[in-house]
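>>> sharing a model that was predicted from the sequence below.
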Amino acid sequence: MDIVVENLSKSFGPQKAIDNISFQVKKGEILGFLGPNGAGKTTTMKIISCFLFPDAGNVQIGKYSIRKNAYKIKQHIGYLPEHNPLYDDMNVIDFLVFIAKVHNIPHYKITARVLDMLRMCGLENEKQKNIRELSKGYKQRVGLAQALIHDPDVVILDEPTTGLDPNQIVEIRELIKSIGKEKTIILSSHILAQVEATCDRVLIINKGKIVADGTSSELRKSNTDKLLKIAIKGGDTNTVYEALTMLENLEDIEITGENSFLIQTSRKHNIEKDIFHLCETQQWYIKELIPIEKRLEDIFQQVTQN
């Protein structure tokens, strides 16, 4: 199912959590939903999941509207909140059977679905344990299993890799990518490298407004800055540094080591030509000149610091 968010707003007293945001997520797409703490991510996901009602705007999931068909939408959504609520006194199997019944899965299908979830989420060796006995990472797996057990069309995951070790993170990432081939997924995470490796598209929200939307590659290309790592031999570090600071289109320069520098300029300027000309004039030679691609983390910081 596609998700269409239109002009969504929500306030808590004088605090506006989200401010007239609109975006779409298509079936089979994994959307990384990013933002600083308090930016409005969780509020947006709770509205999409029909746990909160917006002050204005609408969310359409498939043919259903949150304003008219909230009950229907809940049947099509799997939701893993950041702090997933589990019944600690139940063992894993009993809990998943209970969740299956809550979702009105036919009785004859429940055993098969529970076994599928145990295998899919890596819980086969923990199935007889009470949930309170599980590590935080395995509790997160139980939360993921309960979000998927009714085979929802839309899956909303708020910090799904919290508490997992690096190997478990890779396993959950591959699981998310696998289920994302047939479902619509919104994934929120503070681990930006994981978002970049998992998601088809990234949406960044800050102070209740969308500040970036696109694939990681598109966000990098839309960035107007260019970074160059250079190393120049033939003069001492301070002399070379002073000469580089005189370049017309230089925006920033940092000494990173002996005769090594990090230069920032605009993508529209061909500062490399000026550097070559400078080195030719001074009889220096360029040992290294490497463009540095900005990371998602750099872009995130740039669009959320205002």
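Structure's in. What do you need?
>>> low-scoring stretches of this protein, by residue?
For the chain, the stretches flagged by pLDDT under 70 are 221-224, 293-294, 306.
>>> domains for it, by residue range?
As recorded under automatic domain parsing, the domains making up the chain are 3-220, 224-304.
>>> those into a markdown table, with extra columns for mean neighbour count?
Using the backbone N, CA and C atoms, a C-beta is placed for each residue, glycine as well. Shown next, in a markdown table, are these (neighbours: other Cβ atoms under 10 Å):
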| stretch | mean neighbour count |
| --- | --- |
| domain 3-220 | 18 |
| domain 224-304 | 15 |
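>>> do a quick rundown of the strands in the stretch 201-306 of the chain.
Under the criterion DSSP state E, counting those that start in this stretch, the stretch 201-306 of the chain contains strands at 201-206, 209-214, 225-233, 252-257, 260-266, 285-292.
>>> I'd like those as CSV, with distance to G40 appended.
Converted to CSV, the strands of the stretch 201-306 of the chain look like this (distance: least, Cβ to Cβ, whole Å):
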stretch, distance to G40
strand 201-206, 5
strand 209-214, 8
strand 225-233, 26
strand 252-257, 31
strand 260-266, 30
strand 285-292, 31
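>>> need the contact list for the residue most central in space within the chain.
The chain has G32 as the residue nearest its centroid, 3.3 Å off, counting by Cα atoms, centre = their mean. By Cβ atoms under 8 Å, 6 or more residues apart in numbering, G32 lies in contact with 187-189, 195-196, 198-199, 201-203.
>>> can you tell me which of these are in helices?
195-196, 198 (DSSP state H).
>>> among these, which one lies nearest to E133?
When the ones in helices among the contacts of G32 are compared for distance to E133 (Cβ to Cβ), T198 wins out at 29.4 Å.
>>> pull up the gap between that closest one and L175, please.
Separation of T198 from L175 (Cβ to Cβ, to the nearest Å): 10 Å.
>>> who touches the nearest residue to V211 once chain neighbours are set aside in this structure?
Using Cβ to Cβ, 6 or more residues apart in numbering and skipping residues adjacent in sequence, the residue nearest V211 is V303, 4.3 Å away. If a contact means Cβ under 8 Å, 6+ apart, then V303 has 204, 206, 211-212 as its contacts.
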